[in-house]
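A.B. asks: have a look; sequence and predicted model below, questions after that.
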Amino acid sequence: MVSCTRCCLHHSMRILNLIVTFSGVGMIIYSLWLLKKWSEGISYLVSPSQVPQPWFIYTCLGVGIVVCLSTLCGHMVANCISSSILCIYIIFIASLLLFQVAVIVLMIFKINWELQIVAYIDQSHKEFLSFVKFHVALCRLISIFILVAQVCAVAIALVLWAIKVRLRNQCLCLDAPDPPNIRQSFLVIETRSIPYDEK
């Protein structure tokens with residue numbers, strides 16, 4: 001039964017890493033699109049050179065890249081699980097998470113981006129201000145979702161480490177039947193020796 005639990009956690013870690021990878025790729029694509037829209041929007045302003053840099057977009061882009069790189073480590077750990085590798089992975093991802101939280105809070109949550117750019121937007125460009133407000137809020141939600149998914153990945157890794165997962169090939173249920181021999185030709189009849197009692 002313990003082996004079945006390990007198997008489920010092992011596959012959960014793989015699935016979660018896959019979800020986080022796709023989220024990271026989506027975050028990179030979204031940040032690049034948002035950067036393009038930002039450049040188009042400030043080009044119509046009165047003084048585009050004085051508008052502050054969109055650090056919330058750069059933060060989303062950087063977090064997306066870091067997430068994709070960290071999930072590569074997660075895939076390698078999922079394919080080669082041992083207690084020492086899991087311990088290194090947990091320490092690495094936990095440190096990376098603390099750094100991500102610090103950067104996200106500093107760049108996206110603490111800075112009021114509406115006040116930062118409202119002085120550079122006149123009455124004819126209020127749509128750009130609402131665009132920025134909406135996407136700053138969306139960047140906050142995406143960042144929280146990414147952080148929660150990464151925390152879940154670390155939690156699964158901690159549970160796997162706690163029950164002392166050894167190797168990937170131990171991921172078999174105890175009550176499962178032996179797998180069929182797929183290398184044997186179906187034309188060859190399998191012969192079994194019949195035991196008999198010697199007199």
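C.D. replies: Happy to help now that I have it. Numbers count the residues shown, from 1 in each chain.

A.B. asks: and the pLDDT at residue 133?
C.D. replies: If you check residue 133, the pLDDT there is 86.

A.B. asks: likewise for the one 5 residues further on?
C.D. replies: Note on residue 138: pLDDT of 90.

A.B. asks: how about it, secondary structure?
C.D. replies: helix (DSSP: H, G, I helix; E, B strand; the rest coil).

A.B. asks: would you put the C-alpha positions of the lowest-mean-pLDDT helix or strand in the chain in CSV?
C.D. replies: Counting by mean pLDDT, DSSP states H and E, the chain has its least confident helix or strand at helix 113-118, which shows a mean of 77. C-alpha atoms of helix 113-118 as CSV (Å, rounded to 0.1, in the frame of the first residue of the first chain):
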residue,chain,number,x,y,z
TRP,A,113,1.4,51.7,-11.1
GLU,A,114,-1.8,53.8,-11.6
LEU,A,115,-0.2,56.7,-9.7
GLN,A,116,3.1,56.1,-11.5
ILE,A,117,1.8,56.8,-15.0
VAL,A,118,-1.3,58.9,-14.3
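
A.B. asks: check which residues of it are buried.
C.D. replies: Taking 16 or more other Cβ atoms under 10 Å as the neighbour-count basis, helix 113-118 is seen to contain the buried residues 113, 116-117. In short, each C-beta sits where N, CA and C put it, glycine included.

A.B. asks: same for that helix, what does it pack against?
C.D. replies: Applying 3 or more Cβ pairs under 8 Å, 6 or more residues apart in numbering; DSSP states H and E, one finds that helix 113-118 contacts helix 126-162.

A.B. asks: list the buried ones in the helix it packs on?
C.D. replies: 128-129, 132, 135-136, 139, 142-143, 146-147, 149-150, 153-154, 156-157, 159-161.

A.B. asks: nearest residue to residue 87 in space, please, no chain neighbours.
C.D. replies: Excluding the flanking residues, the one nearest residue 87 by Cβ to Cβ, 6 or more residues apart in numbering is residue 161, at 6.1 Å.

A.B. asks: got the angle for the biggest helix by length in the chain vs helix 126-162?
C.D. replies: Longest helix of the chain, by residue count under DSSP state H: helix 2-42. With axes from the mean of the first three to the mean of the last three Cα atoms, to 10 degrees defining the directions, helix 2-42 sits at 160 degrees from helix 126-162.

A.B. asks: quick one: low-confidence parts of this structure?
C.D. replies: For the chain, applying pLDDT under 70 flags the ranges 1-6, 46-49, 78-81, 123-124, 164-199.
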